[in-house]
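# Let's see this in three dimensions:
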Amino acid sequence: MKMQSPVIGAWYTDRQTGNLFEVIDWDPTALLIEIQYLDGEVSEFDLDAWRELMPERAAAPEDWRSPFELDDEDMQDPDLPMHPEDWSNPLSYIEPDAMYGVEDL
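All right, here's what the predicted structure looks like:
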């Protein structure tokens with residue numbers, strides 16, 4: 001069986017445990033591969049351990065953001081301009097109690 005070369009950003013399945021992980025770094029000079037499991041745990045393998053792992057290429061999980069603990073609200077950009085459909089909404093005129101990035105002294 002031919003060894004899979006690690007590809008940064010690619011997802012793999014550990015054939016022994018069935019765990020899904022992403023390659024986040026591959027240093028060909030030091031022969032080290034750094035991976036991150038779906039639960040956020042980060043591990044590092046040398047090339048010999050990678051060969052023993054015999055990873056199988058896999059599709060990215062449906063919600064790959066889970067290790068980073070991101071939710072849909074995190075994807076909203078606060079710097080986006082308001083759109084005309086928001087201008088007539090009375091809730092858009094309410095100021096928040098706290099201003100983000102400003103501290104009271």
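# pLDDT score assigned to residue 41?
Looking at residue 41, its pLDDT is 87.
# so what pLDDT did residue 35 get?
Each residue has a pLDDT score; the one for residue 35 is 92.
# Could I get the contacting residues of it?
Contact partners of residue 35, counting by Cβ atoms under 8 Å, 6 or more residues apart in numbering, are 12, 21-24, 42-45. Backbone N, C-alpha and C define where each C-beta goes, glycine included.
# Are any of those residues buried, and if so which?
The neighbour-count test (16 or more other Cβ atoms under 10 Å) marks 12, 21-23, 45 as buried among the contacts of residue 35.
# Columns distance to residue 33 on top of these, output as a markdown table?
Output for those, formatted as a markdown table (distance: Cβ to Cβ, whole Å):
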| residue | distance to residue 33 |
| --- | --- |
| 12 | 10 |
| 21 | 10 |
| 22 | 11 |
| 23 | 6 |
| 45 | 5 |
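# So which of those are in strands?
The strands in this structure, assigned by DSSP state E, contain 12, 21-23, 45 from these.
# circling back to that earlier point, and which of the contacts of residue 35 is nearest to residue 59?
residue 12 (10.4 Å; Cβ to Cβ).
# So in terms of bridging, what pairs with that closest one?
Under the criterion DSSP bridges, residue 12 forms beta bridges with residue 21, residue 57.
# Only C-alpha atoms, please: export stretch 29-49 in PDB.
C-alpha atoms of stretch 29-49 as PDB (Å, rounded to 0.1, in the frame of the first residue of the first chain):
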ATOM      1  CA  THR A  29      13.000  19.300   6.300                       C
ATOM      2  CA  ALA A  30      12.300  18.100   9.900                       C
ATOM      3  CA  LEU A  31       9.900  15.400   8.600                       C
ATOM      4  CA  LEU A  32       7.200  16.500  11.100                       C
ATOM      5  CA  ILE A  33       3.500  16.500  10.500                       C
ATOM      6  CA  GLU A  34       1.200  18.500  12.800                       C
ATOM      7  CA  ILE A  35      -2.500  17.600  12.800                       C
ATOM      8  CA  GLN A  36      -5.700  18.800  14.500                       C
ATOM      9  CA  TYR A  37      -8.500  16.500  15.500                       C
ATOM     10  CA  LEU A  38     -12.100  17.500  15.100                       C
ATOM     11  CA  ASP A  39     -12.400  18.100  18.900                       C
ATOM     12  CA  GLY A  40      -9.500  20.700  18.700                       C
ATOM     13  CA  GLU A  41      -6.700  18.500  20.000                       C
ATOM     14  CA  VAL A  42      -3.400  19.100  18.200                       C
ATOM     15  CA  SER A  43      -0.800  16.300  17.700                       C
ATOM     16  CA  GLU A  44       2.500  16.000  16.000                       C
ATOM     17  CA  PHE A  45       3.900  13.000  14.200                       C
ATOM     18  CA  ASP A  46       7.200  12.200  12.600                       C
ATOM     19  CA  LEU A  47       7.200  10.600   9.200                       C
ATOM     20  CA  ASP A  48       7.600   7.100  10.500                       C
ATOM     21  CA  ALA A  49       4.600   7.500  12.800                       C
END
